[in-house]
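Peer 1: Just a sequence and a predicted model for now, questions to come.
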Amino acid sequence: MQIILVSRHLKAARTITIMPRHLLIAGFVFLALVIGTSAMLSWLAGQLRVTDGDEAMSLQQSGRAQQHLSNNLQLMATRLGELQAQVLHLDSLGDKLASLAGVKREPSAERKRPGGEGGAFVPAPLSAVELQREIDRLAQEVDARTEELTVLESHFLEKRVKERLMPTTLPVKAAYLGSPFGVRSDPIAGLRALHEGIDFNAEPGTPVIAAADGVVLSAAYHNDFGNMVEIDHGEGLTTRYAHLSRMGVKPGALIKRGELLGAVGNTGRSTGPHLHFEVRMLGIAQNPARFLKQGEEFALVKRR
């Protein structure tokens, strides 16, 4: 193929001859341009898709992280509420146990606020760091309250033991109060003498019970006291039950408050059936009324 070029700038016409190889080269160049353009467009589209996918994945991950943070905050808030309720419960138990143990309990910092308080309720949500700090503080409060309850329990048990060992129960029921503790005219000798106990007048055979827990020291006959049971309550405190008609315990026996010891009688140095009741500390006679008045029964004893 020949192409003739004619121009006024050319002195003579030029003839260009196009061979088949030229057409083939031109075709290849055009095809390469088309393929390159298509590849470029495909790459750009892929990049756009990757960018969109990354953004979507980033948004999805951000949403999951936000949900995880929200769940953790909810769990921490729940734990905080549980600890607050536990502290209040332990405070209530501490107050009751301190009252039972007879111990004055020091108020906690939360309960020391003087004067009145009030105002509108404006919620102030805590951050994760603040929540964790408050949880740690309340956990320490729970530990402190638990230790305090352990101490109060010890005081309470000690008080209960002392109460069980303190002779405050009336040793004989349905009795009349006879000679009190102190100086009196001896009923047999008629001379001034010290009466080291309290007499309870009752019918022969009336049950005699232990005024407190203890261990039987002796259960034997004495010239002055007749059949007498003596009980050791610990720490030097003992009680005596004298002039019994019979004895139902033996030395070494463990005795509970209110347990039967024997029966009212008229044995030994006595002018009639009655119970002679003594309380001694380190062997020295004490006024039994001081102990019995701590119970509720002594005030109901009839006087002749």
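Peer 2: On my side now, so go ahead. Residues are numbered from 1 along each chain as shown.
Peer 1: Could you list the low-confidence segments of the stretch 51-200 of the chain?
Peer 2: Confidence mapping of the stretch 51-200 of the chain against pLDDT under 70 gives the ranges 51-63, 65-70, 73, 97, 99-126, 154-161.
Peer 1: now the strands for it?
Peer 2: Using DSSP state E, counting those that start in this stretch, the strands of the stretch 51-200 of the chain run over residues 176-177, 182-185, 192-195, 198-201.
Peer 1: Looking at those, spot the one closest to Ala139.
Peer 2: If you check each of these against Ala139 by CB to CB, strand 198-201 wins as the nearest, at 56.3 Å. All C-beta spots, glycine's among them, are computed from the backbone N, C-alpha and C.
Peer 1: who does the helix or strand following the closest one touch, helix- and strand-wise?
Peer 2: On the C-terminal side of strand 198-201, the closest following helix or strand by DSSP states H and E is strand 207-209. In terms of contacts (3 or more CB pairs under 8 Å, 6 or more residues apart in numbering; DSSP states H and E), strand 207-209 is packed against strand 260-264.
Peer 1: Tell me the strands beside the strand it packs on, with direction?
Peer 2: strand 207-209 (antiparallel), strand 237-247 (antiparallel) (DSSP bridges).
Peer 1: Let me have the ones you listed in JSON lines, extended by mean pLDDT and distance to Val216.
Peer 2: As requested, the strands paired with strand 260-264 are arranged in JSON lines below (pLDDT from 0 to 100; distance: least, CB to CB, whole Å):
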{"stretch": "strand 207-209", "mean pLDDT": "97", "distance to Val216": "13"}
{"stretch": "strand 237-247", "mean pLDDT": "97", "distance to Val216": "9"}
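Peer 1: closest to Glu296 out of those strands?
Peer 2: Proximity to Glu296 (CB to CB) singles out strand 207-209 among the strands paired with strand 260-264, at 15.3 Å.
Peer 1: hmm, who's touching the closest one?
Peer 2: Contacts to strand 207-209, defined as CB atoms under 8 Å, 6 or more residues apart in numbering, come from residues 169, 171-173, 229, 241, 244, 258-264, 275.
Peer 1: Throw the strands paired with strand 260-264 into JSON lines and include mean neighbour count and distance to Pro288, thanks.
Peer 2: Shown next, in JSON lines, are the strands paired with strand 260-264 (neighbours: other CB atoms under 10 Å; distance: least, CB to CB, whole Å):
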{"stretch": "strand 207-209", "mean neighbour count": "21", "distance to Pro288": "14"}
{"stretch": "strand 237-247", "mean neighbour count": "22", "distance to Pro288": "8"}
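Peer 1: quick one: which of the strands of the stretch 51-200 of the chain is nearest Ile284?
Peer 2: Distances from Ile284 to each of the strands of the stretch 51-200 of the chain were compared using CB to CB; the shortest belongs to strand 192-195, at 11.7 Å.
Peer 1: on that earlier part again, quick one, which of the strands of the stretch 51-200 of the chain is nearest to Asn72?
Peer 2: Using CB to CB and comparing those, the one that lies nearest Asn72 is strand 198-201, at 71.8 Å.
Peer 1: Redo the strands paired with strand 260-264 as a markdown table? Include distance to Asp199.
Peer 2: Formatted as a markdown table, the entries for the strands paired with strand 260-264 read as follows, by distance: least, CB to CB, whole Å:
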| stretch | distance to Asp199 |
| --- | --- |
| strand 207-209 | 13 |
| strand 237-247 | 9 |
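Peer 1: I'd like to know which of those lies nearest to Pro180.
Peer 2: Among those, the nearest to Pro180 by CB to CB is strand 237-247 (15.6 Å).
Peer 1: what's the following helix or strand after the closest one?
Peer 2: For strand 237-247, the succeeding helix or strand toward the C-terminus, using DSSP H and E, is strand 254-255.
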